[in-house]
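Asker: this is a predicted model, with the sequence first.
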Amino acid sequence: MKIGILYNLVDCIECGLETDVLSYNEITEVVEDVLRILEDKHEVIPVRIRRELLPCLGKKSFDLIFNLCEGIDANPHGEAWVAGLLDIIGIPYTGSDSLTLGLCLNKVQTKHLFKANNIPTPHYQIFSTSSQRPAPELKFPLFVKPSCEDASIGIKTDSVVYNKLELSEKVEFILKNYHQPALVEEYIDGRELNVAIIGNGDSIDILPISEIVFKFCKDLPNIVSYEAKWLEDSEMFQRTAGICSSNLPEDIERHIKRLAVDAYHLTGCRDYARVDFRLKDGRPYVLEVNPNPSIKIDSGFARSAFAAGISYNELIGRILLEAMKRYQMEKKVTQAGSSRVSHDLRTTPHLIAESVVLRHVPLLVKWFNDPDISRYMDTPNETYSKETIIEKFFVLNQDDINLIISEKEGSKEIGFCSIYNINRSTQSGEVSFLIGEKQFQGKGYGKEMVKLLLSSAFCKVGLNSITATVTQQNCQSVKVLEQAGFRKIGIRRQYHFLNEEKLDEILFEMIEEDYSKFWAPFKNQLTL
């Protein structure tokens with residue numbers, strides 16, 4: 001099964017504090033873990049999502065998405081947008097849908113829902129101006145935070161306020177820095193508990209309750225501030241510990257778990273989620289529901305799984321399995337224990353070609369950024385990253401045939417070739433090739449690669465016309481194409497820009513009739 005891991009990163013903060021980027025980008029560790037766990041049984045591709053890439057996702061891009069997106073760039077609302085797009089396209093994905101993700105991000109609306117359904121939650125009020133007065137039922141101390149953020153963003157040690165002046169100053173801080181209303185709620189000075197849930201419908205597992213233990217001095221409130229959650233060198237972080245032996249009385253534990261399940265179903269959570277509580281004087285209060293909680297190996301969610309006897313590998317597999325069951329992907333569930341899909345091999349007398357897969361990405365990054373090679377590529381001044389290579393080969397150009405070429409004798413990966421811009425209606429396409437390892441250049445492998453490309457294009461894909469463009473100064477590639485039977489049909493003047501130079505490009509063409517005449521004696525040398 002082909003699984004895409006969607007995630008987002010933040011290069012710069014548009015609003016908020018510069019340090020907020022830490023919470024956004026910790027997802028890279030989770031991506032690596034999920035990839036490592038799933039790639040033994042599936043073809044898994046991690047894709048960093050961005051606005052420009054969203055329209056390029058199609059139903060055939062992936063069989064299923066392991067959705068780790070927590071926004072688009074630094075916009076947390078993008079978390080719901082991505083899920084909504086996947087629903088529109090029709091790609092199955094793990095976790096909650098756009099309605100639930102959007103609802104739970106809006107903490108005020110979630111609390112309205114709790115209140116309407118008799119789920120206890122601290123008294124609250126939304127503040128759109130710093131001059132707004134608190135409602136009579138709001139009693140100091142009060143807790144002030146952004147109304148639409150996650151991961152303790154916008155929460156500091158002074159987020160608990162004790163009078164109207166402090167309230168006004170803190171609301172102003174939220175409005176100015178996060179460009180959104182402030183959620184003000186009664187501060188419940190009690191134990192902080194998290195309930196992790198896995199499953200759907202009536203078939204759910206409530207994992208052991210996890211607790212955040214605070215060891216602060218008496219003049220600091222017991223809250224998980226941004227510093228306590230993300231800044232590992234800080235004293236606040238060191239004095240905040242997670243445990244999974246809450247030692248609650250049985251009746252209170254049952255009550256908390258029942259409320260957690262009610263909140264899970266009420267907000268429409270799917271596959272997995274975490275419900276956060278405060279417990280004071282034996283009374284639990286639901287703070288919020290996180291339908292896309294951190295599943296990092298040292299997260300509270302994973303800690304609860306470990307306490308339940310579920311290993312980290314089993315946890316990731318369980319989340320995937322819950323989504324597959326929900327989409328009634330029974331056949332693929334059965335196949336999940338089989339090995340990864342094998343890719344077709346194509347051979348010539350001296351070379352082996354295989355489809356580009358994830359493990360080839362570092363090689364392509366190396367070759368495409370080599371100035372001696374890239375100078376004759378379509379975009380010679382472009383810099384390629386791991387993310388852009390993955391986009392190019394696994395998302396943007398789904399119909400291309402991209403091959404990594406290895407030398408038969410030493411099994412050394414030496415180059416890359418491609419059939420791209422394939423048009424089925426006109427039965428046409430283009431080809432390109434490169435020898436990435438310099439010690440293998442000038443040994444005749446280029447001609448053998450082109451031979452393989454032509455055989456694939458005409459005999460396997462069923463094309464009728466193939467074109468290739470070569471910068472006029474690329475004498476070796478010009479020679480290879482001429483020796484392979486291509487015809488020169490024109491020159492595009494000053495088409496190729498290399499730094500300050502404007503170079504001409506030669507346009508070559510071959511049709512199936514030419515190929516049959518020129519290469520017929522050598523067809524038996526290829527295995528497709």
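Answerer: All right, it came through fine. If you're wondering where the values come from, they're calculated on a predicted model, not measured in any experiment.
Asker: next SSE after the lowest-mean-pLDDT helix or strand in the chain?
Answerer: When the helices and strands of the chain are compared on mean pLDDT, DSSP states H and E, helix 330-335 comes out lowest with a mean of 56. Next along the chain after helix 330-335, taking DSSP states H and E as the criterion, comes strand 345-347.
Asker: list the buried residues for the top helix by length along the chain?
Answerer: Among the elements of the chain assigned as helix by DSSP state H, the one spanning the most residues is helix 250-266. For helix 250-266, a neighbour-count test (16 or more other Cβ atoms under 10 Å) marks 252-253, 255-257, 259-264, 266 as buried. To be clear about C-beta, it is placed using only N, CA and C from the backbone, and glycine gets the same treatment.
Asker: give me the element Asp372 is part of.
Answerer: helix 371-374.
Asker: now the helix or strand just after that helix: buried residues?
Answerer: Next helix or strand after helix 371-374 toward the C-terminus (DSSP H and E): helix 386-391. For helix 386-391, a neighbour-count test (16+ other Cβ under 10 Å) marks 387-391 as buried.
Asker: ok, the residues you listed vs Phe440, which is closest?
Answerer: Ile389 (21.0 Å; Cβ to Cβ).
Asker: coming back round to it: got the buried residues of helix 386-391 as TSV, with pLDDT columns?
Answerer: Putting the buried residues of helix 386-391 into TSV (pLDDT from 0 to 100) gives the following:
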residue	pLDDT
Glu387	93
Thr388	93
Ile389	95
Ile390	95
Glu391	93
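Asker: how far away is Lys145 from Ala135?
Answerer: 17 Å (Cβ to Cβ, to the nearest Å).
Asker: in contact with Met449, which residues?
Answerer: 348, 351, 353, 405, 415, 417, 433, 435 (Cβ atoms under 8 Å, 6 or more residues apart in numbering).
Asker: would you mind giving those residues as a markdown table with distance to Leu207 and neighbour count added?
Answerer: Below are the contacts of Met449 laid out as a markdown table (distance: Cβ to Cβ, whole Å; neighbours: other Cβ atoms under 10 Å):
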| residue | distance to Leu207 | neighbour count |
| --- | --- | --- |
| Thr348 | 55 | 20 |
| Leu351 | 52 | 21 |
| Ala353 | 47 | 27 |
| Ile405 | 49 | 28 |
| Gly415 | 50 | 24 |
| Cys417 | 50 | 22 |
| Phe433 | 53 | 22 |
| Ile435 | 53 | 22 |
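Asker: make TSV from those and add distance to Tyr495 to it.
Answerer: Shown next, in TSV, are those (distance: Cβ to Cβ, whole Å):
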residue	distance to Tyr495
Thr348	31
Leu351	30
Ala353	29
Ile405	27
Gly415	24
Cys417	22
Phe433	19
Ile435	23
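Asker: pick out the lowest-pLDDT one from these.
Answerer: pLDDT is lowest at Thr348 among those; the value there is 86.
Asker: could you check how far that residue is from Met510?
Answerer: Distance from Thr348 to Met510, by Cβ to Cβ: 18 Å.
Asker: low-scoring stretches of the stretch 401-528 of the chain, by residue?
Answerer: 520-528 (pLDDT under 70).
Asker: Pro146 and Ala241, how far apart?
Answerer: From Pro146 to Ala241 the distance is 25 Å (Cβ to Cβ).
Asker: swap in Ser128?
Answerer: Noted for Ser128: a distance of 36 Å to Ala241, by Cβ to Cβ.
Asker: could you do His265 as well?
Answerer: 31 Å.
Asker: same deal with Glu437?
Answerer: 51 Å.
Asker: can you check Gly442 too?
Answerer: Taking Cβ to Cβ, one finds Gly442 at 62 Å from Ala241.
Asker: now Ser304
Answerer: Using Cβ to Cβ, Ser304 is found at 15 Å from Ala241.
Asker: Val144: how many residues sit nearby?
Answerer: 25 (other Cβ atoms under 10 Å).
Asker: can you give me how far stretch 379-397 is from the chain middle?
Answerer: 16 Å (Cα atoms, centre = their mean, to the nearest Å).
Asker: then stretch 207-227?
Answerer: 30 Å.
Asker: state the mean pLDDT of the helix or strand containing Met324.
Answerer: Assessed by DSSP H and E, Met324 sits inside helix 312-326. Regarding helix 312-326, the rounded mean pLDDT is 97.
Asker: buried set for it?
Answerer: Within helix 312-326, the residues scored as buried using 16+ other Cβ under 10 Å are 312, 315-324.
Asker: and that helix, what does it pack against?
Answerer: helix 27-38, strand 64-67, strand 191-200, helix 300-307, helix 330-335 (3 or more Cβ pairs under 8 Å, 6 or more residues apart in numbering; DSSP states H and E).
Asker: tell me the SS of Ile352?
Answerer: Of the three states, Ile352 takes strand according to DSSP: H, G, I helix; E, B strand; the rest coil.
Asker: no, scratch that, I was asking about Ile419
Answerer: Criterion first, three-state DSSP; result for Ile419: strand.
Asker: do you know how far the closest residue to it other than its chain neighbours is from Cys417?
Answerer: Leaving aside its sequence neighbours, Ile419 sits nearest to Ile401 (Cβ to Cβ, 6 or more residues apart in numbering; 4.3 Å). Separation of Ile401 from Cys417 (Cβ to Cβ) stands at 9 Å.
Asker: now stretch 205-218: buried residues?
Answerer: So, applying 16+ other Cβ under 10 Å, buried residues of stretch 205-218: 206-212, 214.
Asker: which one of Lys145 and Ala135 has more residues nearby?
Answerer: Lys145 (21 against 10).
Asker: what packs against the helix or strand containing that one?
Answerer: Following DSSP H and E, one finds Lys145 within strand 142-146. Other helices and strands packing on strand 142-146, by 3+ Cβ pairs under 8 Å, 6+ apart, are strand 160-161, helix 164-178, strand 182-186.
Asker: for that strand, which strands pair with it and how are they oriented?
Answerer: strand 160-161 (antiparallel), strand 182-186 (antiparallel) (DSSP bridges).
Asker: quickly compare those strands and say which is most buried.
Answerer: strand 182-186 (a mean of 23; mean count of other Cβ atoms under 10 Å).
Asker: what about the closest residue to Tyr162 other than its chain neighbours, neighbour count?
Answerer: In this structure, Tyr162 finds its nearest non-sequential neighbour in Pro141, 5.0 Å apart by Cβ to Cβ, 6+ apart. Using other Cβ under 10 Å, Pro141 has 15 other residues around it.
Asker: just the helices and strands packed on helix 312-326: most buried one?
Answerer: strand 64-67 (a mean of 24).
Asker: how about residues contacting that one?
Answerer: 1-6, 34, 38, 44, 82-83, 86, 91-95, 292, 319-320, 323-324, 327, 329, 332.
Asker: redo that, cut-off 7 Å
Answerer: With contact meaning Cβ atoms under 7 Å, 6 or more residues apart in numbering, strand 64-67 is reached by 1, 3-6, 34, 83, 86, 91-95, 320, 323-324.
Asker: that's a strand at Gln398, yeah?
Answerer: No - under the criterion used here (three-state DSSP), Gln398 is coil, not part of a strand.
Asker: thought it was touching Phe62?
Answerer: No - Gln398 lies out of contact with Phe62 (Cβ atoms under 7 Å); the separation is 10.3 Å.
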